[in-house]
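Visitor: 3D model of this:
(one chain, ligands or ions: 2)
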Amino acid sequence: MSRLNVLCSCFMILDSVLTLADDVCLTILIEDSVEARNGARKRLIAKHGLSILAETRIDDTEICVLMDTGPSAEALLNNVDIMDVNPRKIDAIVLSHGHYDHTDGLIGALKGINKPTMIIAHPKIFAPKFAVRKKLKFIGSSFTQPMMENVGGVPLFASNPVEIAEDITTTGEIERKTTYEKLKGFFTIEQGQFVVDSIIDDQALIINLKSKGLVVVTGCAHAGVVNTTMHAQKITNTGKIHAVLGGFHLIDATDKRIQMTIDDLKRLKPKFLGPCHSTGKKQLKKLKKLLEIDVNH
Ligand SMILES: [Zn+2]
Ligand SMILES: [Zn+2]
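Guide: Ligands and ions are numbered 1, 2, ... in the order given. Got it, this is the predicted structure:
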C-alpha cells in the first residue's frame, strides 16, 4: 500500500507557507487556529473559516488566486499584512460556497485589492443558508451581490468548471457519488419552502501540476472530500493526485464514515493530505491515527 502523509504544518499553523512543488505555492491566510504564538505570529488572527492563496507561474505569467476570504476582513487584511502578501497581485477570487466563514472577508478583501476582480462562484452563492446547531442560525453571507459589485467584484457565476488559467480550474458543481458523504443540519428556502440544503454551490480549486498530479484545494468539502477528489480527476482527465487540502467537513462524522473516507483516500493515493478548518479536532486525531497505523504496518 502506498504511503499517505499528513501534512502537519497545514492544519494547525496559520502562517504556514506550503511549497508543494516548484510551480505552486499555497499560503494559508485564515484558519481556525494558530498553533505557535511567538514573534509576528502573535499578531496573526485565527478565525473559524478558511482562506488560501495559490500562486503559480505559467511561462513568464504569474497567476494568483485567492480561494475563499475567511469570515472577517479585519482578520484577513491583518494576516495579509503580517505575512507580507500584496493583495493587489490577486487576479481572481474563488468562493467555494456561500457560508459566511468562507465569504464574509470578501468586501474588505476587494477594498484591499482596489481594482476590478473576478469573483468566481456558483450561481447559488447568495441563496439563503441556514443551519440548525441546537437552534436555527443564518449562516449565509452578510453582504449582497450589489454590495460586492460596488467595491469592484466582477461576478463570474457558473455551475460548471471555470478555467482560470492553463491547468488551474474550479470544479464547478461536484457529483455526489459516495454513499457515506451525507450532509445534515443545513437548510435553505426554495420556492417559498424551508427545505434541506444540499449545498449544491460547494466547489473546489484544482491546480494540475504536470509532473506531479492534481492539487485539490477544498473550502469546506460539503460535497465530501472523496467526491471532490474524484470529481477533480474526472474533469481534468487526470488520475494522479498530488495533494488534497482544506476543510474536509468531518466535524460531525461517525467513526464509520471516517474509516470509509480513509479507505477511499488510500485508494486515491494523494502524496499530501492537509485536513484543516471543518475537519474537526477529534476527527483529525482519528484520521492521523488511522493513517499512522497503516503506515506503520
Ligand atoms: Zn460551509
Ligand atoms: Zn467552512
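
Visitor: In contact with the closest residue to Lys212 other than its chain neighbours: list those residues for me.
Guide: In this structure, Lys212 finds its nearest non-sequential neighbour in His242, 4.2 Å apart by CB to CB, 6 or more residues apart in numbering. Any C-beta I mention is one placed from the backbone N, CA and C, and that applies to glycine too. Counting by CB atoms under 8 Å, 6 or more residues apart in numbering, His242 touches 20-21, 209, 212-215, 270-272.

Visitor: Can you name the residues of the stretch 51-200 of the chain that neighbour ligand 1?
Guide: His99 (CB under 5 Å from the ion).

Visitor: per-residue confidence at the closest residue to ligand 1 within the stretch 51-200 of the chain?
Guide: Minimum separation of the stretch 51-200 of the chain from ligand 1 (CB to the ion) falls at His99, amounting to 3.4 Å. pLDDT for His99: 98.

Visitor: That one touches Ala127, doesn't it?
Guide: No - using CB atoms under 8 Å, His99 is not in contact with Ala127, being 11.0 Å away.

Visitor: picking that back up, how about the secondary structure of the residue nearest to Lys212?
Guide: At His242, secondary structure determined by DSSP: H, G, I helix; E, B strand; the rest coil is strand.

Visitor: and Glu149, what element?
Guide: Assessed by DSSP states H and E, Glu149 sits inside helix 145-150.

Visitor: just how off-centre is that helix within its chain?
Guide: 23 Å (CA atoms, centre = their mean, to the nearest Å).

Visitor: One more: stretch 150-168?
Guide: Here stretch 150-168 is found 15 Å from its chain centre; the criterion is CA atoms, centre = their mean.

Visitor: Excluding covalently adjacent residues, which one is nearest to the residue of the stretch 51-200 of the chain closest to ligand 1?
Guide: Ile139 (5.3 Å).

Visitor: per-residue confidence for Leu290?
Guide: pLDDT recorded at Leu290 is 70.

Visitor: is it fair to say it lies in a helix?
Guide: Yes - assignment of Leu290 by three-state DSSP places it within a helix.

Visitor: number of nearby residues for it?
Guide: By the criterion of other CB atoms under 10 Å, Leu290 has 19 neighbours.

Visitor: what sits against the one residue in the stretch 151-297 of the chain that gets nearest to ligand 2?
Guide: Closest approach between the stretch 151-297 of the chain and ligand 2, counting by CB to the ion: Cys220, at 3.6 Å. When contacts are counted by CB under 8 Å, 6+ apart, Cys220 touches 50, 96-97, 99, 101-102, 202, 246-247, 249, 277-278.

Visitor: Go again with 6 Å.
Guide: 247, 249, 278 (CB atoms under 6 Å, 6 or more residues apart in numbering).

Visitor: and those residues as a markdown table, adding pLDDT and neighbour count?
Guide: Output for these, formatted as a markdown table (pLDDT from 0 to 100; neighbours: other CB atoms under 10 Å):
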| residue | pLDDT | neighbour count |
| --- | --- | --- |
| Gly247 | 93 | 28 |
| His249 | 90 | 26 |
| Ser278 | 80 | 25 |
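
Visitor: May I see those residues organised as JSON lines, with secondary structure added?
Guide: Below are those laid out as JSON lines (three-state DSSP):
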{"residue": "Gly247", "secondary structure": "strand"}
{"residue": "His249", "secondary structure": "coil"}
{"residue": "Ser278", "secondary structure": "helix"}
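
Visitor: Name the nearest of those residues relative to Ala121.
Guide: Gly247 (16.4 Å; CB to CB).

Visitor: who does that closest one bridge with?
Guide: Cys276 (DSSP bridges).

Visitor: Pretty sure Ser278 is one of the things it touches, is it not?
Guide: Yes - Gly247 is within contact range of Ser278, at 3.7 Å (criterion: CB atoms under 6 Å).

Visitor: how many other residues sit next to the nearest residue to Gly140 once chain neighbours are set aside?
Guide: Spatial nearest neighbour of Gly140, excluding adjacent residues (CB to CB, 6+ apart): Lys129 at 3.7 Å. Using other CB under 10 Å, Lys129 is surrounded by 24 other residues.

Visitor: Show the contacting residues for the most centrally placed residue in the chain.
Guide: Geometric centre of the chain, nearest residue: Gly219, 2.2 Å, by CA atoms, centre = their mean. Contacts of Gly219 were listed using CB under 6 Å, 6+ apart, and they are 68, 96-97, 102, 247.
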